[in-house]
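Asker: Below are the sequence and a predicted model; questions follow.
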There are 2 protein chains.
Amino acid sequence: MTELTIRPAGEADVPVILELIRALAEYERAPNEVVCDEARLRESLFGDKPDAEVLLACIGAEAAGFAVFFHNYSTWWGRRGIYLEDLFVRPEMRGRGIGKALLRALAVIARERDCARMEWSVLDWNQPAIDFYRTLGAIPKDEWTVYRLNRPEIEKLAG
Amino acid sequence: MTELTIRPAGEADVPVILELIRALAEYERAPNEVVCDEARLRESLFGDKPDAEVLLACIGAEAAGFAVFFHNYSTWWGRRGIYLEDLFVRPEMRGRGIGKALLRALAVIARERDCARMEWSVLDWNQPAIDFYRTLGAIPKDEWTVYRLNRPEIEKLAG
């Protein structure tokens, strides 16, 4: 197979990033929840102060998958960590170790930046993903549930 | 009662921030997991590129509680959100609306910064907290579990 490369995404990759975001939303059974467009991605990912970073996994020139991440923070460690917001490999490209290569590249970044930990969220029905993460030594934070306030409730609370 | 004020913490607040982190860890039944010290907090919270921000709730001059937060990112929105890492009010100061005042201050920041959402994690046994968050309209992300790689597993994966 053509060689797999992992590289940081640049501004020219915005169209393929949006395509991968949409493909992931489809896989997560929520295709209509993607409200961002190319302009929004360009501003948030490649502006003066990027809100997140993207790694692309490419087979030859084709983007086969991506990882979107940002830094979170642990008060117990007084140190930042890596939070992997999205990890996705196109269905037709699976079974070639692309997901693991993306996670490995992320682990290298976590080590370089002296991060305390790496975290990500997994849908409870996604058993193949869960099995894979367990082989890496990932520990589920079973005791915790994330709560979310959406914009209308934020407005109400802000008063 | 003396007036309640909410203000961003500054470098001079590092000792009381550490005290509140330790008190929260005690409440979460993990007092020995706090490994950071004042120097680490100073560097990570008040250096050139802070990893997180802190709001202090004060009754007169005394810090009664705090909120530690950073920005996360939603690919579906192409927009950052607020992730509340820690929210804590000293047990003897509870029942005065201090937690809600901290959350309200955070909602104001979220609105000002045009954030898509606010999120935080709750321990499943912390029913009083869950009941309170539900009154604000917070929605549990029941379908998701956070997985974590600690430093030894990161090193192993990075190779």
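Answerer: Everything's here; your move.

Asker: Apart from its neighbours in sequence, what residue is nearest residue A:46?
Answerer: Taking CB to CB, 6 or more residues apart in numbering or on different chains as the measure, residue A:46 lies nearest to residue A:11, with 4.3 Å between them; neighbours along the chain are not counted. Just so you know, the C-beta spots here come from the backbone N, C-alpha and C atoms, and that holds for glycine as well.

Asker: which phi and psi does the one you found have?
Answerer: Backbone torsions of residue A:11, given as degrees, to the nearest 10, read phi -60, psi -30.

Asker: ok, now how distant is it from residue A:41?
Answerer: Residue A:11 sits 9 Å away from residue A:41 when distances are taken as CB to CB, to the nearest Å.

Asker: I'd say residue A:89 and residue A:99 touch.
Answerer: Yes - here residue A:89 reaches residue A:99: they are 5.1 Å apart, a contact under CB atoms under 8 Å.

Asker: Counting neighbours around each, name which of those two comes out higher.
Answerer: In this comparison of residue A:89 against residue A:99, neighbours counted by other CB atoms under 10 Å in any protein chain shown, the higher total goes to residue A:89 at 24 against 21.

Asker: all strands for chain A, in order.
Answerer: Listed in chain order, the strands of chain A (DSSP state E) span residues A:4-8, A:53-59, A:62-74, A:79-89, A:117-123, A:139-140, A:144-150.

Asker: ok and the fourth one relative to strand B:79-89, angle-wise?
Answerer: In this case it means strand A:79-89. Regarding strand A:79-89 and strand B:79-89, their directions subtend 140 degrees when assessed with axes from the mean of the first three to the mean of the last three CA atoms, to 10 degrees.

Asker: Quickly run through the sheet partners of strand A:79-89, with directions.
Answerer: When pairing is defined by DSSP bridges, strand A:79-89 lines up against strand A:62-74 (antiparallel), strand A:117-123 (parallel).

Asker: possible to save those as a markdown table with mean neighbour count and distance to residue B:137?
Answerer: Output for the strands paired with strand A:79-89, formatted as a markdown table (neighbours: other CB atoms under 10 Å in any protein chain shown; distance: least, CB to CB, whole Å):
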| stretch | mean neighbour count | distance to residue B:137 |
| --- | --- | --- |
| strand A:62-74 | 22 | 24 |
| strand A:117-123 | 20 | 21 |
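
Asker: Could you export the ones you listed as a markdown table, including distance to residue A:145 and mean pLDDT?
Answerer: Listed next are the strands paired with strand A:79-89 as a markdown table, based on distance: least, CB to CB, whole Å; pLDDT from 0 to 100:
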| stretch | distance to residue A:145 | mean pLDDT |
| --- | --- | --- |
| strand A:62-74 | 17 | 97 |
| strand A:117-123 | 11 | 96 |
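
Asker: Please produce JSON lines containing those, extended by distance to residue A:151.
Answerer: Formatted as JSON lines, the strands paired with strand A:79-89 follow (distance: least, CB to CB, whole Å):
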{"stretch": "strand A:62-74", "distance to residue A:151": "20"}
{"stretch": "strand A:117-123", "distance to residue A:151": "20"}
